[in-house]
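Visitor: just coords:
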Ligand code: PLP
């Protein structure tokens, strides 16, 4: 199956697998438990927390898309992160980016405070600072690239080489691009995680997560932990997410086409101070994004000129961008990281990460791109 393009894998996984009735689309298995063949012999599944046929199809599809050895579907993206963190023991070092998703940052810092592991928070685009972290022999290095919300891009292959040299596990949060646009395992990462809530499901109606590992051994460990801590996803959520996944490539193509138009408008508009989009040649890591990604994605952040009042005015003038957290759904969204997605970060940590109060993040949806541009244009024009 992996010889196919992502769009084909996403559409075909599990299709025509039903041996009972020949259903084209795989049925949903809601049963929590499964009979044993006899009391010594379980079948393929015994209890739905440990394994579920519907969840398995989604895990297989994601494993193939990421080109891994095995995967686990979890109840949320945070649960996926938590499963991976179970691989660490007290005294182990974890290196994380200073500008990752606020909820990930909250989990990393609070578990470190409780002594679960030692934590190094670093600007991973700063090669010297990263080298200092490697000198302390980390057990695990965590990347989120492009990062949320400033869309900084880290060279996965280069960090993977450093990880190999220091025997560290490399984990990449691939939520912002999906396997259609980036495959970290092929660049040397050991583990990929997703908030499937975002592009993978794509319809803003399921919260979910996934972990895919490069080796069978790692996949088995992660599966064991997911079952042990009860982090696995439900059958119903898996069914819906699989349904969303079918159109991933088609959606991503439309998302990206729209994002290019929106980014061009922002870049040229006098009400905008600075636009963060890896597709621009002036983006400091554009050359890396061009090499390691199969596209620039559809997340764009920008700093508005002025203050909080300008932000409020812009947001209330928009009609096609809903003011909401999350991203990657078919509908366009606008968020202010400082008061929304990243409010879990202390103001000092936000400042350290370069998140200004006038920073605005767009998740560009798949509406007609010209309509999106017109809507944004009228709202920005009203500010100047
Ligand atoms: N990773 C990234 C990059 C995210 O943006 C998010 C959520 O916004 C998460 C992880 C957490 O995922 P979830 O909200 O599904 O728990």
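Guide: Right, received. Where do you want to start? Since the model is a prediction, treat every value here as computed from it, not as a measurement.

Visitor: any idea how far the nearest residue to residue 294 once chain neighbours are set aside lies from residue 139?
Guide: In space, and not counting its chain neighbours, residue 294 is closest to residue 181: 4.9 Å by Cβ to Cβ, 6 or more residues apart in numbering. All C-beta atoms are positioned from the backbone trio N, CA, C, and that covers glycine. Separation of residue 181 from residue 139 (Cβ to Cβ, to the nearest Å): 29 Å.

Visitor: tell me which parts of the stretch 101-250 of the chain are close to the ligand?
Guide: The interface of the stretch 101-250 of the chain toward the ligand, taken as Cβ under 6 Å from any ligand atom, is made up of 101, 103, 104, 144, 148, 173, 175, 195, 197, 207, 209.

Visitor: can you list the residue ranges for helices in the stretch 251-384 of the chain?
Guide: Per DSSP state H, counting those that start in this stretch, the stretch 251-384 of the chain carries helices over the ranges 286-292, 308-317, 347-352, 369-381.

Visitor: mind jotting down where the strands sit in the stretch 201-350 of the chain?
Guide: 209-213, 272-276, 299-304, 322-323, 333-335 (DSSP state E, counting those that start in this stretch).

Visitor: so who does the residue lying closest to residue 174 once chain neighbours are set aside touch?
Guide: Excluding its sequence neighbours, the residue lying closest to residue 174 (Cβ to Cβ, 6+ apart) is residue 192, at 5.0 Å. Residue 192 makes contacts with 66, 68, 171, 172, 173, 174, 179, 184, 185, 211, 212, as judged by Cβ atoms under 8 Å, 6 or more residues apart in numbering.

Visitor: how about residue 305, nearest residue that isn't a chain neighbour?
Guide: Nearest residue to residue 305, sequence neighbours excluded (Cβ to Cβ, 6+ apart): residue 273, at 4.8 Å.

Visitor: so who does the one you found touch?
Guide: 302, 303, 304, 305, 358.

Visitor: next one, pLDDT for it please.
Guide: With respect to pLDDT, residue 273 has a value of 97.

Visitor: residues touching whatever residue of the stretch 1-150 of the chain ends up closest to the ligand, list them.
Guide: Closest residue of the stretch 1-150 of the chain to the ligand, Cβ to the nearest ligand atom: residue 77 (2.2 Å). By Cβ under 8 Å, 6+ apart, the contact set of residue 77 is 175, 193, 194, 195, 196, 197, 198, 207, 208, 209.

Visitor: one more time with 10 Å, if that's ok
Guide: Residues near residue 77 by Cβ atoms under 10 Å, 6 or more residues apart in numbering: 101, 103-104, 173, 175, 193-198, 200, 207-211.

Visitor: which one is it nearest to, not counting chain neighbours?
Guide: residue 195 (2.6 Å).

Visitor: surely that neighbour touches residue 175?
Guide: Yes - in this structure, residue 195 is within contact of residue 175 by Cβ atoms under 10 Å, at 4.6 Å.

Visitor: is it possible to get CSV of the strands of the stretch 201-350 of the chain that adds distance to residue 156?
Guide: Below are these laid out as CSV (distance: least, Cβ to Cβ, whole Å):
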stretch, distance to residue 156
strand 209-213, 14
strand 272-276, 19
strand 299-304, 17
strand 322-323, 32
strand 333-335, 26
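
Visitor: contact partners for the closest residue to the ligand within the stretch 251-384 of the chain?
Guide: Closest residue of the stretch 251-384 of the chain to the ligand, Cβ to the nearest ligand atom: residue 326 (5.9 Å). Contact analysis of residue 326 by Cβ under 10 Å, 6+ apart lists 195, 197, 198, 204, 207, 333, 335, 340, 341, 363.

Visitor: surely residue 203 is in contact with residue 246?
Guide: No - the pair residue 203 and residue 246 fails to qualify as a contact (Cβ under 10 Å) at a distance of 11.0 Å.

Visitor: neighbour-wise, which of the two wins?
Guide: Taking other Cβ atoms under 10 Å, residue 203 and residue 246 do not tie; residue 246 has more neighbours (18 against 15).

Visitor: residue 227 versus that one, what's the distance?
Guide: Counting by Cβ to Cβ - residue 246 and residue 227 are separated by 27 Å.

Visitor: repeat for residue 54
Guide: Counting by Cβ to Cβ, the gap from residue 54 to residue 227 is 16 Å.

Visitor: show me where pLDDT drops low in the protein?
Guide: By pLDDT under 70, the low-scoring segments of the chain are 1-2.

Visitor: one more time with 90, if that's ok
Guide: The model of the chain has pLDDT under 90 over residues 1-3, 98-102, 148, 341-355.

Visitor: domain map for it?
Guide: The chain breaks down into these domains under automatic domain parsing: 6-245, 249-381.
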